[in-house]
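Visitor: Here's a sequence, model it:
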Amino acid sequence: MNAELMLQSPLDTNDVERLNGSQDSGIGEGEITCRGTPVLQEYTLEDVSKHSDNKSCWVVFFDYVYDLTEFLHEHPGGWEIIMEHAGADGTGAFRDKGHSAHAKELMKKYCIGHLVEAERLCTNEKRW
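Guide: Predicted structure coming up:
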């Protein structure tokens, strides 16, 4: 895992170019929907930053916002790795680690919305 990338939040310009330049994110095809609805709540990175502890833990992956509070102690890699990105963008770490199709499917239930358009970095990324 790229430790330098993990410490940066939000992603820096080089990471954005790397993400947007990719034709295949490794995630899978298709647009995700959060909790079964195509209508998503919009959040800013500032909104997300207010949820950075174990009582309210939000993380951004590929421009989508996830409330991982209930999942913290279920994460197979340990709660610590999630908390490293609590209240911030964890896209780089998520991508670098690699996750199973089951993990990606499970994440859908924790999706609560997406970033406002002006703050989205992964517009060319395929979503699961």
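
Visitor: Can you identify each of the strands in the chain by residue range?
Guide: 41-43, 52-53, 56-61, 64-67, 88-89, 111-115 (DSSP state E).

Visitor: nearest to residue 98, of those?
Guide: strand 56-61 (13.1 Å; Cβ to Cβ). In short, each C-beta sits where N, CA and C put it, glycine included.

Visitor: now the closest one: mean pLDDT?
Guide: In this model, strand 56-61 carries a mean pLDDT of 96.

Visitor: same for that strand, what does it pack against?
Guide: helix 45-49, strand 64-67, helix 79-83, strand 88-89, helix 91-97 (3 or more Cβ pairs under 8 Å, 6 or more residues apart in numbering; DSSP states H and E).

Visitor: hang on, the earlier thing: I'd like the strands of the chain laid out as a markdown table, including distance to residue 104.
Guide: Converted to a markdown table, the strands of the chain look like this (distance: least, Cβ to Cβ, whole Å):
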| stretch | distance to residue 104 |
| --- | --- |
| strand 41-43 | 21 |
| strand 52-53 | 23 |
| strand 56-61 | 10 |
| strand 64-67 | 11 |
| strand 88-89 | 17 |
| strand 111-115 | 11 |
